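>>> Here's a sequence, model it:
(chains A and B)
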Amino acid sequence: MIDPLEITLVILYFLGLIGIGIWASKKIQNMSDYVVAGRSLGFWVFTFLMIGSVCSGMSLLGVSGLGFKFAWPTIWEQLAVPLSIAFCIIFFGVKMYAISKRSGFITVQDYFAQRYESQKTLRGLSAVSGIVVSMIYLAGQYTAISIVLMWLFGLPHWVALLVGAAIVTVYTAIGGLYAVAWTTLVQGLILLIGVVIMAPVVISAAGGFTAVNAYLGALNPASVLPWSTGPGAVFTPEYIVSFFLLLTIGLACAPHVINNVLAVKDANYFRWTPLVAFIIYGVVMFLLKFAGFAGVVLVNEGLVSLPDVKNASDFIFVYGVQHSFGSLALWGIFAVIVLAAVMSTTDRLMLTIGTYFSWDIYKKILKPDASEKSVLAVSRISVFAAAAVTLMLALNPPEMLVWLIWAGIGIMFATFAVPLLAGLYWRRATREGAIAAMSLGLVSSLAFGAVTYFRIAPLPVHFSLYGFVIAVVAMVAVSVLTKPHSEEILDETMTGWFIQPR
Amino acid sequence: MTCWGTVKIKIVIYEYRQMIQVMFGLPDITILAVGGAFLLSIVALALWALWWKEVPQ
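Reported below is the predicted structural model:
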């Protein structure tokens, strides 16, 4: 039986998001407004936009699910993901913002085109890669939305997917980054307050933090260690290192995260946002993981029964909350919190896909004389098209939501990290090197991802690390064999071994 | 340092370890590795903020 209060809260929440979308749509006059919110984001809107962009379906469902399955050896995720915001701002954002202010660019592809003097090839390759990896990542987000709606309203998977996608698509398409940023601020606050209140209640229902750890240790002493060893161990030290790199650098250079740094009003926000975002998001991530640990006690003691679905561990937090809050209608609010976390990334990904297609492919490659109005229209249509394609991918989700999301991040890591880092810091990096690094990084990470997914051979580290290493080798080897760019271009794009331009 | 002083320090360390283990129900290695990495991250990001040079608008 669906509680009327729950359904009212969720409907109000959806209406609120659409209301923000309508309000934001009135502020949009051109592509700069749509893509980088007219470079007008204040400190807190920007900070929460960064948190919301990395805080995905994984954060609420996948993080707890992973903690429930593998316990303490997975704790590094709680540091790596919040650190990705800092990495993005410090190593990419500071310089890219300064260059973008000078050159007026609005996407990362604009940067690539300028730095590597490749208006079509590298721009097109980067935009297509960005769209592919964003879609893989987006499929994971839709699965998370569907989990919440299935649990809350007992909807079939496909109906839940359709409802979630329709809401996000509408406000993203009409309101662009203004809508995404402001809805993310609201969603981020809901998430923060909600998790801070609800996670301790779940942990308490399992006997408290100390008791949960003692229980885990008694069940399996290896589960309270910071890494696992021995035959069949997944989170070995070498795997954790690759996992840390994957999450910290992979998320930092993800298209839907890195584009946010171009939208701030003042470069000085880059001073404190890394620390503030790390603390806020770190608290949320640790609490969620601990709630996943508590789930082990709740399930083993027969207090909670997980549904009979193949990604059952992803349901642990929602079922933990349901159990802990009993029949109180309060846990209906929780549905809004989970949706807030998931939707805050979903909308940003959809906007990224729309922008990359309309601006980088349609305007800059296919039809350079297209008017701003037609580019805006194409962008909005692309958002709807992205939603449709991704829904197809999400109809048959893999066993664990987190696997799909990591796959997306891993491919981003292997594809974008090397051309970005080399472009910003290494004056010898060339266009040919960047094309080789990006294409080989993408193809090899997809190939190694298939090796893992189809269990062709066990890999000691996350599959994306192989793609990353291949991209580094390709960048160095091809760059030293090809003609360097002119000093003028390198100076214009602030290339060199420094972070803050003086 | 006298032998007695060394023994006292060892006792204090032992007691603190016991307290932490009881408090969190976790082995030392987990507390040291995870707690250490968390604190190190905070310090590194605070140093970044202190190092930052204001950008004129």
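
>>> buried residues in stretch A:382-395?
In terms of neighbour count (16 or more other C-beta atoms under 10 Å in any protein chain shown), stretch A:382-395 has its buried residues at A:382-387, A:390-391, A:393-394. Every C-beta, even on glycine, is put in place using the N, C-alpha and C of the backbone.

>>> give me the residue from chain B nearest chain A.
Using C-beta to the nearest C-beta, the single residue of chain B nearest to chain A is residue B:25, 3.3 Å away.

>>> Do I have it right that that residue meets residue A:208?
No. With contact defined as C-beta atoms under 8 Å, residue B:25 does not reach residue A:208; the gap is 9.2 Å.

>>> Give me the more crowded residue out of these two.
Legend: neighbour count by other C-beta atoms under 10 Å in any protein chain shown for residue B:25 and residue A:208, higher for residue B:25 (20 against 15).

>>> How about the contacts made by the residue in the stretch 351-500 of chain A that chain B sits nearest to?
Sorted by distance to chain B under C-beta to the nearest C-beta, the residues of the stretch 351-500 of chain A start with residue A:500, at 6.1 Å. Going by C-beta atoms under 8 Å, 6 or more residues apart in numbering or on different chains, residue A:500 touches A:94, B:52-53.

>>> again, only using 7 Å
For residue A:500, the contacting residues are A:94, B:53, by C-beta atoms under 7 Å, 6 or more residues apart in numbering or on different chains.

>>> Am I right that it is in a helix?
No. According to DSSP: H, G, I helix; E, B strand; the rest coil, residue A:500 belongs to no helix; its state is coil.

>>> What residues does the one residue sitting closest to the centre of chain B make contact with?
The centroid of chain B falls nearest to residue B:36 when counting by C-alpha atoms, centre = their mean (5.3 Å). Applying C-beta under 7 Å, 6+ apart to residue B:36 gives no contacts.

>>> And it, what's its pLDDT?
We have a pLDDT of 93 for residue B:36.

>>> ok, now residue B:12?
In this prediction residue B:12 is given a pLDDT of 72.

>>> next structured bit after the helix or strand encompassing it?
Using DSSP states H and E, residue B:12 sits in helix B:3-24. Note on helix B:3-24: by DSSP H and E, the next helix or strand toward the C-terminus is helix B:28-51.

>>> Now for residue 41, how many residues are close by?
All of this refers to chain A. Neighbours around residue A:41, by other C-beta under 10 Å: 27.

>>> Correction: the question concerned chain B.
Neighbours of residue B:41 (other C-beta under 10 Å): 20.

>>> Quick check: residues of chain B near chain A?
Within chain B, the positions lying close to chain A (C-beta under 7 Å from any C-beta of the partner chain) are B:23-27, B:29-30, B:33-34, B:37-38, B:41, B:45-46, B:48-49, B:52-55, B:57.

>>> By the neighbour-count criterion, which of the residues you listed qualify as buried?
Of the residues of chain B next to chain A, these count as buried by 16+ other C-beta under 10 Å: B:24-27, B:30, B:33-34, B:37-38, B:41, B:45, B:48, B:52, B:55.

>>> Quickly check those residues for the two that are furthest apart.
B:25 and B:55 (46.9 Å; C-beta to C-beta).

>>> For the residue of chain B closest to chain A, give its distance to residue A:301.
16 Å (C-beta to C-beta, to the nearest Å).

>>> go on, residue A:65?
For residue A:65, the distance to residue A:301 equals 19 Å [C-beta to C-beta].

>>> With residue B:12 instead?
37 Å.

>>> With residue A:5 instead?
29 Å.

>>> Look at residue A:53 and give its secondary structure.
helix.

>>> just checking, it touches residue A:256?
Yes. Judged on C-beta atoms under 7 Å, residue A:53 makes contact with residue A:256 at a distance of 5.6 Å.

>>> Now the common contact residues for the two.
The contact sets of residue A:53 and residue A:256 overlap at residue A:348 (C-beta under 7 Å, 6+ apart).

>>> just checking, the residue of chain B closest to chain A touches residue A:215?
No. Residue B:25 is beyond contact range of residue A:215, at 8.2 Å (criterion: C-beta under 7 Å).

>>> OK, now which residue of chain A is nearest to chain B?
residue A:213 (3.3 Å).

>>> Excluding chain neighbours, what is closest to that residue?
residue B:25 (3.3 Å; C-beta to C-beta, 6 or more residues apart in numbering or on different chains).

>>> what does residue A:463 give?
Residue A:463's closest residue in space is residue A:448 (C-beta to C-beta, 6+ apart), at 3.8 Å.

>>> Give the next helix or strand downstream of the lowest-mean-pLDDT helix or strand in chain A.
Lowest on mean pLDDT, DSSP states H and E among the helices and strands of chain A sits helix A:57, with a mean of 63. Per DSSP H and E, helix A:57 leads on to helix A:63-70 as the next helix or strand towards the C-terminus.

>>> Count the neighbours of residue 15 for me.
Unless you meant another one, I'm taking chain A. Counted with other C-beta under 10 Å, residue A:15 comes out at 11.

>>> was after chain B, sorry
Neighbour tally, residue B:15, other C-beta under 10 Å: 10.

>>> what does residue A:485 give?
Residue A:485: 20 neighbours (other C-beta under 10 Å).

>>> go on, the one 4 residues further on?
If you count neighbours by other C-beta under 10 Å, residue A:489 ends up with 15.

>>> Residue A:65 and residue A:301: who's more crowded?
residue A:65 (27 against 11).

>>> Tell me the residues of the stretch 251-400 of chain A that contact chain B?
A:266-268, A:271-272, A:274-275, A:278.

>>> Whichever of the residues you listed end up buried, select them in ChimeraX.
Restricted to buried positions by 16+ other C-beta under 10 Å, the ChimeraX selection for those reads:
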select /A:267,268,271,272,274,275,278
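
>>> Make JSON lines from the residues of the stretch 251-400 of chain A next to chain B and add pLDDT and secondary structure to it.
Listed next are these as JSON lines, based on pLDDT from 0 to 100; DSSP: H, G, I helix; E, B strand; the rest coil:
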{"residue": "A:266", "pLDDT": "95", "secondary structure": "coil"}
{"residue": "A:267", "pLDDT": "95", "secondary structure": "coil"}
{"residue": "A:268", "pLDDT": "96", "secondary structure": "coil"}
{"residue": "A:271", "pLDDT": "97", "secondary structure": "helix"}
{"residue": "A:272", "pLDDT": "97", "secondary structure": "helix"}
{"residue": "A:274", "pLDDT": "97", "secondary structure": "helix"}
{"residue": "A:275", "pLDDT": "97", "secondary structure": "helix"}
{"residue": "A:278", "pLDDT": "97", "secondary structure": "helix"}
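
>>> quick one: which of the residues of the stretch 251-400 of chain A next to chain B is nearest residue A:30?
residue A:266 (21.3 Å).

>>> Sketch out the low-pLDDT regions of chain B for me.
B:1-2, B:4-5, B:8, B:16, B:18-23 (pLDDT under 70).

>>> So for stretch A:309-328, mean pLDDT?
79.

>>> If you could redo that for stretch A:283-301, that was the one I meant.
94.

>>> now do stretch A:38-50
Rounded mean pLDDT across stretch A:38-50 is 94.

>>> Contacts for it, please.
By C-beta under 7 Å, 6+ apart, stretch A:38-50 touches A:32, A:85, A:181-182, A:184-185, A:188, A:260, A:263-265, A:269, A:273, A:276-277.

>>> pLDDT-wise, what's the bottom of these?
Out of the contacts of stretch A:38-50, that is residue A:188, at 86.

>>> Tally up the residues packed near it, please.
26.

>>> list the contacts for it?
Contacts of residue A:188 by C-beta under 7 Å, 6+ apart are A:48, A:51-52, A:344.

>>> Go through those and single out the one with the most neighbours.
residue A:344 (30 neighbours).

>>> May I ask you to confirm that it is in contact with residue A:182?
No. When contacts are counted by C-beta under 7 Å, residue A:344 is not listed as touching residue A:182 (11.1 Å).
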